Every structure is written in structure tokens, then in C-alpha cells.
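Participant: This is a predicted model, with the sequence first.
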Amino acid sequence: MAVLTGVAVFAAARLYTTAQDRYIKEAFPIRFYANDTVVQMLNQETGVRGYVVTGDGRSLEPYRTGRVQVAQDLTALRRLARRRPEIRGDIDSTALRIHRLEQFYEQQIALVQRGGMGQRQAQVNVLAGKTLFDRFRFAAGRLAARSDAIVAQARTSQRRTFWVTLAIVLVAGLTAAGIALWLLLSVPRRIWSLYDVERELREAAERGARASRSLEHVDDAVILVDAEDRVRYWNPAATAFLGTAEADALDRPLADAVPELTLIEQALARDGGGAILPLGRAEAERWLVARETRFPEGRVLVLQDVTGERELERTRSDFLATASHELRTPLAAVYGAIRTLRREDRPSSPELDAQLLTMIETEARRLAEIVDQILVSTEIDRGSVPLRSEPCDVRELCESAVESARVRAPDSIELSLDVPEGVVVDTDPSRLRQVVVNLLDNAVKYSPRGGRVEVRAASRDGLVEIEVADHGLGIPEDAQERIFEKFVRMDPDMRRGVGGSGLGLYISRELVERMGGRILVDSRPGLGSTFTIQLPR
């Protein structure tokens, strides 16, 4: 009886290990890597198609990641081919299809990078890419079918082992027939049951792994919460948005992991789907759109970053407010002067006529300057500002800028120039003069009580430095970085009578940086400001 029991146990173990060995070491890895190759090629196709549609380089991230993963999958499959030489041909066929597809994707990316015409051509080529992908999917499907054939071989081996074991048990004697029969009937059935359960679990794990890998590349924050309100999934975007690492959030109550999420849940309860609210400190504030999907086992919270859209809307609003305010004042002056000149009942006065015409000329020049600043700002944003390089006499340029400023400056402003002879820099003279004039105009505007405005220049340490200094209102330290942004002014409400479009310093910084230099500011409130232009000689 002990011998028969031992034989039966050996047969059961042999059946299980044979199927397990074939499945785990051969069939499952082949199927896994073949299916993963299809998933990664789908990621590549999605990334390239997104790039073809939008032209946004960030859309290529799934493509780059998928390409690396596909190479790793092919390496693993070729390693498995050492054990199963019959799959080598299918692997080579699949690799060839992948190579052709990736060549096609590289061509699509190159077309988009050429500009609008290339992008349109790339969009036309999408159908050819689908044909190539269908051929690749067919080759990968044959490879997956090979894994099924290996499983079938394992089943054949199981049946052969079964009959061998049965023969051994029958020869051993009819006395053990009942026990042997029970073993032979029950053990395989249980093994098959375990095999089916294991297969289902592996397939579920594969699906979960693919879903998790896809969510890691999503730009939106995705948080999975169970029925007890504990965090079960936390993708990298959630870490970036909320500043909490995945390890610190998992298995904790949602409100404890990120207290700020309480605000999101309140907004969702109040406003429903699509609630928009800010999170973070003022200097690093994010605006997020929150959406929630509930199901019996919990809920999924999705946070989409719309900070860029909010910032664009704020910039557009600032532009409209600033432009309308700055254009209205000179237009009103011109309109009033013209109405006065056209009045038939006013007495003739050549002196008044001259004053009104001078006012019209001055305000028209101011209008032209505002419009010019807006146009230059637009050219800078588009990257289409033409710059040339030629030797420029810094003293001559600064003298011209000072004379131009002196014509417009009030009598209370004293302009001085301290620039030695022989200071020369290779740059665009007209753009550099535009920057110096902008700084001089600002120095005059922000010296409402008058005073001295100085223009200095020197050559030191391989740099040419041009300084414009005043003794006016000065700039608070916490605002000295923001003044170079669009539409930012230190007197936005005109409380001190200082106007301006808020574009002068933005244009000046962008032009100087495109010349290869930089612009610095040193200022203290009430004591004035010094702006320094540094250019390589």
C-alpha cells in the first residue's frame, strides 16, 4: 500500500510539475512578452499619433517609453527561443514588423518637426501606419499562438504520464485498484482546476499590470480609493500635483494622506463633477479640475491641471485691461484737441492752435509707441524678432538715447552721461538702443519728484556693462523679479501718476537675452533703481 501510495504521489507530482514547468518557464513568458509587445507598440502608436495631431513634444513620452520596453521584450523572447527553437522564426518575423513600424514612426516624427506642411503629410500617412500595425499584430498573434501549442504539448504529456501511471498501478495488483483509481481521477481534476484558477489569476494580473502601466503615463492625477476611503492607487502625476509620495499615501485614509484633498471633496459635493479650485502656496499655486467616478468597491478621483489655461486667461485679461487703459488716455486727448480745433465759435488763437497740434502730435507718438511695444512683444513670443550683429560704439549709442529722452523729459529731470570713448560691442545697435531708451523712459517716469538720471558704461572682465540709474521711487525686493514679466507695473492703479503698458522691461529683457547677455536690477524703495545691461564683448 505504501508503495502504491508513493507511486500515485509521484505520478501526481509529475503531472503537476510537467504542466507547471511548461507553463511558467515556456508558455506563460512567451505569451506575456508577445502581449506586452503589442501593448507597447500601441503606446508607441498612441504617442506618435498624438504628436502628429497636436505637434506637442510631450505627447511622444509613451512612444519613447514603449520603444525601450519593446526592445527589452524582444531580448527576452530571443532568450526563450533557446529553449523553444520553433518560435525563433515567429520572433524574427515580429521583430521585422516592429522595425518597419518604428521606421515609419520616425518618419512621422521627422515630418511633424518640419512644420505645418510636414504635419499635414504625417496626418495623411496614418492609414499606411494602420496597415503596418495590422501586419505586426498578425505576426505577434502567431507568436502568442505558439505559447498555446506549448500548453497543448504539456497536456499531451500529462495524458501520457496518466496512462503510464495507470499501467503501473494495475500491475501492482487489483487490491490497490480502488485507491489508484481514486488518485488517477481526482488528482488530475484538481490539478486542472488549479491550472484554470492560476491561469485566470495570471490573466487578471496581466490586465492589471497593463492598466497600471498606462496610468503611470497619464498627465492627470489618478487616485483610487476603496469603500473604506483608503488610498489603493496613486499615480506619479498625483505625486507631482499634490507633493505627496506614493509610499506616503497608499493604505492611508485619503484625508490623512493629503489634507488639501478635503477642499476638493467639498467642492465636488457642492459643485458636482468638474469643480475647479486652487491648491498649493501662492508662488507655486496649481489650478485643478476635479472629477469623481463612484462604483460599489470605492471611487476614482481624477485631477486635471489647468494652471496653464488659467494663466493664459489672466494674461489675456491683463493685456486687455492695460491696452484699453493706455490707449484710452492719448485717444481722449487727441479727440478733445481735434474737437476744440473744429469749434467754429472759439476765437482765433495761433498760440492755442499750436499747443493743441503739439498735444495731438505728442499723444499720437505715444499711441504709436504703445502699438509698437505690443507688436514687438508679439514678435518676441513668436520667436520672430530679427537680430543682426555688427560693431556698435556704445558712447555714440548712449548719447543718442539720452538726447531722445531729454526731449521728452520734464525740466525737473537732469540727464547725465558717463561713457568713455572706445567701448565697442558686437550686437544689434537698433535693438540695443531700444533697450536703453526703454530704461531711460522708465527712470524718468518713476522719478516723479525729479532728480538725476545717469547713464554709465564700462568694459570689464570680457563684458560691456551699460547702467541706467535714477533716484526715484525704487522697487520692493519681492517685486524685482516680477517686473520683467508682461503687464507688470509698480504703479498699476496710477496712484502716483505713472503710466505705461507694462511691456517695456519684458521686451528689454528678452532682447538682451537674445543678444547673448542679461539685464540686472539693484533697487531700494525710496532710493532709486539701477538697471545694468551686460553683453559679451
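Facilitator: Yep, that arrived.

Participant: does Ser459 really touch Val423, like I thought?
Facilitator: Yes. Look at Ser459 against Val423 with C-beta atoms under 8 Å: they come within range, at 5.2 Å. For the C-beta atoms, the positions are set from N, CA and C on the backbone; glycine is no exception.

Participant: higher neighbour count, those two?
Facilitator: Comparing Ser459 with Val423 by other C-beta atoms under 10 Å, the one with more neighbours is Val423, at 20 against 15.

Participant: give me every residue that touches that one.
Facilitator: The neighbourhood of Val423, defined by C-beta atoms under 8 Å, 6 or more residues apart in numbering, consists of 393-395, 457-459, 464.

Participant: Isn't Ile413 up against Val444?
Facilitator: Yes. Ile413 lies in contact with Val444 (C-beta under 8 Å); the separation is 5.4 Å.

Participant: what's downstream of the worst-scoring helix or strand of the chain on mean pLDDT, the next helix or strand?
Facilitator: Every helix and strand in the chain was compared by mean pLDDT, DSSP states H and E; the lowest is helix 2-22, with a mean of 57. Per DSSP states H and E, the first helix or strand lying C-terminal to helix 2-22 is helix 28-54.

Participant: Can you give me the buried ones in that next one?
Facilitator: Neighbour-count burial for helix 28-54, counted by 16 or more other C-beta atoms under 10 Å, picks out 28-52.

Participant: And for stretch 428-439?
Facilitator: By neighbour count on 16+ other C-beta under 10 Å, the buried set for stretch 428-439 is 428-429, 431-439.

Participant: I would like the residues contacting that stretch, please.
Facilitator: By C-beta under 8 Å, 6+ apart, the list of residues contacting stretch 428-439 reads 385, 387-390, 392, 397-398, 400-401, 404-405, 425, 455, 466, 468, 504-505, 507-508, 511-512, 515, 519, 531, 533, 535.

Participant: just checking, which of the residues you listed belong to helices?
Facilitator: 397-398, 400-401, 404-405, 504-505, 507-508, 511-512 (DSSP state H).

Participant: What's the ChimeraX syntax to select whichever of the residues you listed are buried?
Facilitator: Entered in ChimeraX, the line below selects the buried ones among these, by 16+ other C-beta under 10 Å:
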select :397,398,401,405,504,505,507,508,511,512
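
Participant: of all the ones in helices among the contacts of stretch 428-439, which two lie farthest apart?
Facilitator: Ser400 and Leu505 (20.7 Å; C-beta to C-beta).

Participant: This structure - how does it break down into domains?
Facilitator: 2-216, 221-305, 309-382, 390-536 (automatic domain parsing).

Participant: what's the least confident stretch among those domains?
Facilitator: Note on these: lowest mean pLDDT is at domain 309-382, with a mean of 70.

Participant: Straight-line length of that one, end to end?
Facilitator: In domain 309-382, first residue to last residue: 18 Å (C-alpha to C-alpha, to the nearest Å).

Participant: now do the same end-to-end measure for stretch 457-473.
Facilitator: 23 Å.

Participant: list the buried ones in stretch 181-194?
Facilitator: Using 16+ other C-beta under 10 Å as the test for burial, stretch 181-194 gives 183-184, 187-188, 191.

Participant: any idea how far Leu463 is from the residue sitting nearest the centre point of the chain?
Facilitator: In the chain, the residue lying closest to the centroid (C-alpha atoms, centre = their mean) is Arg58, at 5.7 Å. Using C-beta to C-beta, to the nearest Å, Arg58 is found at 37 Å from Leu463.

Participant: still on that earlier bit, common neighbours of Ser459 and Val423, please.
Facilitator: If you check Ser459 and Val423 against C-beta under 8 Å, 6+ apart, no residue is contacted by both.

Participant: My guess is Trp234 contacts Leu254. True?
Facilitator: No. Assessed by C-beta under 8 Å, Trp234 is found out of contact with Leu254, at 10.1 Å.

Participant: what do those two both touch?
Facilitator: Ile223.

Participant: which ones are touching Val464?
Facilitator: Shown in contact with Val464 (C-beta under 8 Å, 6+ apart): 394, 423, 425, 457-458, 534-537.

Participant: That one belongs to a strand?
Facilitator: Yes. According to DSSP: H, G, I helix; E, B strand; the rest coil, Val464 belongs to a strand.

Participant: how far away is it from Leu224?
Facilitator: Distance, Val464 to Leu224, using C-beta to C-beta: 59 Å.
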